[in-house]
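Peer 1: next one to model:
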Amino acid sequence: MDLKELFANIKNLVDKEVTVEGWIKNHRDQKTFGFIDFSDGTCQEHLQIVYDEKLDNFNAITKLLIGCAIKVTGIIRKSSGKQDYEMQALKIELLGDCAKDYPLQAKGRPTREFLREIAYLRPRTNLFQAVFRVRSIAAYAIHKYFQERGYVYFHAPLITASDCEGAGEMFQVTTIPLDKIKGEVDYSKDFFGKMTNLTVSGQLEAETFAMAYKKTYTFGPTFRAENSNTKTHASEFWMIEPEIAFCDLEGDMDIMEDMLKYVVKYVLENALSEIAFFDNFVEKGLKDKLEKLINSKFVRIDHEEVIKILKEAKVDWEFTPEYGEDIAKEHEKYITEYFNGPVFIKNWPKDIKAFYMKQNPDGKTVAAVDLEVPGAGELMGGSQREENYDKLISRMTELGMDPKSLDWYLNLRRYGGCVHSGFGMGFERLIIYLTGVDNIRDVIPYPRTPGNCDY
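Peer 2: Residues are numbered from 1 along each chain as shown. The predicted structure is shown next:
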């Protein structure tokens, strides 16, 4: 029986015999009895197993080390200790021995930095059991949200010849022997006959499906060759990117708010033990923060008004807020505290946003939006997409982009185009927000960052 099932039915199992399989998390052996802290990974809770010298293999059991895989048959009893229930062992069988140099010992709490060095073992710790279970639950909630609302799940290509963001920070894909390249590269001889890269976003391709299915979404890995070593940047990360036809910026914000509240609520309801663990050991007040978000009405305010508020604030800014420019982390923090909740900042300066965003009538701004949430800053970004063919051509030319390289994307405007919008949310940033674990390296199983590609 899995521990998840056992604890869900624990009251009905008292005085009954059950069998469990899992691993030893801690072991305290005495002269005539012993205690095993047992987990099988199916839930956050551990089961205390009590054994005594009545067992035939008592001496062998006392020598079992932390990390061993075991099979235990026993009777569930009410406990007189800290835990409510425990198991009185009738039989303990060793299924897989564990070496003495096993690095996850009970004494001392290993640092997160140390655990990154043994990432293949860190899911066995209490912290990372909780982190990656919440990651799994949140991923399911995202799919559930979109599937229940008629969205088509679209698998965006990972290898692409397009640079969605126009930033150029892409990993190149090639079969050309790099050690034999001399002079200019002839990409016609490469595998795809042209320069190709790992995708930074599935948005442009997703728009093609939105023009066929009305509502679509991607949820997959994306890649950025950005030499950044901050807590919130990784070279490989997962993105959720919905695209919706016949939807303007206001409708886009409606969906962003509704989806986020749905996912947070689902996690709160289905990861009770994990959220309690984070609240106790990682971020005090986490549960209250998440519940407050669910019950908040998200503020919607123009970028220009945000800058005005920041300029009028009596704060000694490290980075002075300016009209026409991006805002810094300190500004994001201030603005969510100012409104005491999540804030949609919309209608951003055109010159600092991507080419595909809808140009507003003022000629200075675009119909773009960022969602700022308390304690995390920017969590999502979206926009109404430019549906006007001529304006899109003009903007690409203005940015030095070759329209011919995206003729298929431009043709969407010629072949039954319409008002449409979408947004993107970095999945790891969501997990950081849900868990309070503040480093992206600790919310993705095997982080890929500059200088690090182990496993």
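Peer 1: with only the CA atoms kept, save stretch 6-16 in PDB.
Peer 2: Only the C-alpha atoms of stretch 6-16 are listed here, as PDB (Å, rounded to 0.1, in the frame of the first residue of the first chain):
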ATOM      1  CA  LEU A   6      -2.600   4.700   3.900                       C
ATOM      2  CA  PHE A   7      -2.800   8.200   5.400                       C
ATOM      3  CA  ALA A   8      -5.900   9.000   3.500                       C
ATOM      4  CA  ASN A   9      -7.600   6.000   5.200                       C
ATOM      5  CA  ILE A  10      -5.600   5.800   8.400                       C
ATOM      6  CA  LYS A  11      -8.500   5.800  10.800                       C
ATOM      7  CA  ASN A  12     -10.000   2.800   9.100                       C
ATOM      8  CA  LEU A  13      -6.700   0.900   9.100                       C
ATOM      9  CA  VAL A  14      -6.100   1.000  12.900                       C
ATOM     10  CA  ASP A  15      -5.400  -2.600  14.200                       C
ATOM     11  CA  LYS A  16      -5.200  -3.900  10.600                       C
END
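Peer 1: buried residues, it. List them.
Peer 2: 6, 7, 10, 13 (16 or more other Cβ atoms under 10 Å). All C-beta spots, glycine's among them, are computed from the backbone N, C-alpha and C.
Peer 1: same deal with stretch 187-207?
Peer 2: 190, 196-207.
Peer 1: next: stretch 284-297.
Peer 2: Neighbour count says stretch 284-297 has 286, 287, 289, 290, 293, 296 buried, by 16+ other Cβ under 10 Å.
Peer 1: just those now: which is nearest residue 384?
Peer 2: Checking those against residue 384 with Cβ to Cβ, the nearest one is residue 296 at 23.7 Å.
Peer 1: residue contacts, the closest one?
Peer 2: 341, 342 (Cβ atoms under 8 Å, 6 or more residues apart in numbering).
Peer 1: all numbers from here: first residue = 352
Peer 2: That works, and once the first residue is 352, the last one we named lands at residue 647.
Peer 1: can you confirm it is in a helix?
Peer 2: No. Assigned with DSSP: H, G, I helix; E, B strand; the rest coil, residue 647 falls outside any helix and is coil.
Peer 1: got the CA coordinates for the helix or strand hosting residue 682 in PDB?
Peer 2: In this structure, residue 682 is located in helix 680-690 according to DSSP states H and E. What follows is helix 680-690, C-alpha atoms only, in PDB (Å, rounded to 0.1, in the frame of the first residue of the first chain):
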ATOM      1  CA  LYS A 680      12.700  45.000  -9.300                       C
ATOM      2  CA  GLU A 681      12.500  47.700  -6.600                       C
ATOM      3  CA  HIS A 682       9.700  49.400  -8.600                       C
ATOM      4  CA  GLU A 683       7.800  46.200  -9.000                       C
ATOM      5  CA  LYS A 684       7.900  45.600  -5.300                       C
ATOM      6  CA  TYR A 685       6.800  49.100  -4.500                       C
ATOM      7  CA  ILE A 686       3.900  49.100  -6.900                       C
ATOM      8  CA  THR A 687       2.400  45.800  -5.500                       C
ATOM      9  CA  GLU A 688       2.800  47.200  -2.000                       C
ATOM     10  CA  TYR A 689       1.200  50.500  -3.100                       C
ATOM     11  CA  PHE A 690      -1.900  48.700  -4.300                       C
END
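Peer 1: buried residues, that helix. List them.
Peer 2: So helix 680-690, judged by 16+ other Cβ under 10 Å, has buried residues 682, 683, 685, 686, 687, 690.
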